[in-house]
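J.: This is a predicted model, with the sequence first.
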Amino acid sequence: MTSQPYRAPRQRTRLLGLAGLLAVVGVVGACGSDESSGSSESTAASSATVAVEKPWSRTTPSGATTGAAYMLLESAGGDRLIGASVAPDIAAKVELHETVAAGGDGTTASSPDTMHDAVGSSAEGSMGSAEMGDDSMGGMTMRPVEGIDLPAGQQVQLEPGGYHVMLLDLAAPLAAGSTYQLTLQFEHGGTVKVDVPVQDSAP
Amino acid sequence: MTGWELSRPVRRLVIVMTRGGLRRWLELLVVVVTLASAACGSRDQTLEGLTRTSPLTVGSVQLPDVTTGAKTTAFPFRAPPGEILLAYFGYTNCPDVCPTTLADVRDALGRLGSAKASRVELAMTTVDPARDTPEILNAYVGSFLRRFRVLRTQDAMELRTAEDAFGASSSVTTTTDGRIDVTHTGTLYAVTADGTVAVEWPFGTTVDSLTNDLNLLLEDA
């Protein structure tokens, strides 16, 4: 006569527990991470020793003639990125660069650590105006580098604000959704061809 | 405290009000909702960027406005009532820092939604007026944002005065082998309707922090 199947109390409790657990997981998952869920295919290319992961370039803003490529590099045995190139129909010149914080006396400090420290330690709230008076504070600049060392087994990031492969004199703006080929040259690991996707934001 | 403990007083109320199987469901619902609120969490109700005990006043600083269709030629650094003005010093040949910051602003405004985003405008001042023509500037910033101003002066002193007001600086130098090196402060500034800098975000500030702070600023705007 009952329209629903009879469930023993213990079983009902278990079902409730499961439903509750799923509800919690669903809600926490939904509001969870602020990180955008990773890029679809991170094109991984590797020579014998160097692994290249998550390469990407930002869509070229209208009017810009330079671009940057970012990626994660890891060499099991240790290596050094010493150059990069693209076909002429992408850009005329490719260089390795590093964005650094510029010091008041012209000295530079390696950017990623400096900036991360600065943001981490001083983003607490009010600061006295005296501390911010130095007009070299926050100055950013870029400099070309001869190579980027890849210590054995250590992942090295080429990322906004840090190292990047710079594309100069773009033949045409890099369009979102497109892909171009970048050839990386390593001291020991030969050359690696990487397909770099172009997108609006980091993967 | 766990969600279970937090929900104790509510559960007591539920127990009193109901009986039997329904009570269990409601208890569970209360726990879930409490856990969820704790997990989704309120972010800091304080600004995550940098603030000063004596805020910078920049409202009397003006620069030539070269935005396409600008009604006036001089633009003062103050937001319209109820709005926030973001100020940035950069240049379009910047492959890394400037696009990153502008993209982060775009992403933060996207998270705020169109109603709030329509109360935020970004004014970019070029530190490289020789290469950055008005056409290039409009196209460049327009690639990232819908509400923007582009400001450009070829008068070095006028640019320096504006930068000084923000505690910013820049330089453009040509090396012997013809390379043009540009240094510029990568900080993004939020200016309110009274012409003061409410908060400063150094380069590298996350989209999360920008979104959090913009929300707070718009509440007070």
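T.: Everything's here; your move.
J.: which residues in chain A form helices?
T.: For chain A, the helices defined by DSSP state H occupy A:9-31, A:111-122.
J.: tell me the contacts of residue 89?
T.: Because you didn't say which chain, this covers chain A. For residue A:89, the contact set (C-beta atoms under 8 Å, 6 or more residues apart in numbering or on different chains) comprises A:171-172. Just so you know, the C-beta spots here come from the backbone N, C-alpha and C atoms, and that holds for glycine as well.
J.: please go with chain B instead
T.: Counting by C-beta under 8 Å, 6+ apart, residue B:89 touches B:124-127, B:163, B:166, B:168, B:170, B:184-185.
J.: Quick check: the farthest pair among these?
T.: The most widely separated members of the contacts of residue B:89, counting by C-beta to C-beta, are B:126 and B:166 (14.5 Å).
J.: So for these two, which sits in the more crowded spot?
T.: The neighbour comparison of residue B:126 against residue B:166 (other C-beta atoms under 10 Å in any protein chain shown) goes to residue B:126, with 29 against 23.
J.: which SS class is residue B:137?
T.: Using DSSP: H, G, I helix; E, B strand; the rest coil, the three-state assignment for residue B:137 comes out as helix.
J.: Now it: closest residue in space that isn't a chain neighbour?
T.: residue B:150 (3.9 Å; C-beta to C-beta, 6 or more residues apart in numbering or on different chains).
J.: Also residue B:181?
T.: On the basis of C-beta to C-beta, 6+ apart, the spatially nearest residue to residue B:181 that is not a chain neighbour turns out to be residue B:173, at 5.2 Å.
J.: Quick check: which element contains residue B:12?
T.: Secondary-structure element containing residue B:12, defined by DSSP states H and E: helix B:8-17.
J.: Let's test this: mean pLDDT of that helix, rounded?
T.: Across helix B:8-17, the average pLDDT comes to 67.
J.: Kindly report the same for stretch A:187-203.
T.: Summarised as a single mean, pLDDT over stretch A:187-203 is 94.
J.: Report how many residues lie close to residue A:91.
T.: A count of nearby residues for residue A:91, using other C-beta under 10 Å, gives 22.
J.: what does residue B:12 give?
T.: Other residues within reach of residue B:12, judged by other C-beta under 10 Å, total 11.
J.: same deal with residue B:177?
T.: 5.
J.: Let me see the contact set for the residue nearest the centre of chain B.
T.: In chain B, the C-alpha nearest the mean C-alpha coordinate belongs to residue B:210, at 5.0 Å (C-alpha atoms, centre = their mean). For residue B:210, the contact set (C-beta under 8 Å, 6+ apart) comprises B:49, B:104-105, B:108, B:188, B:201.
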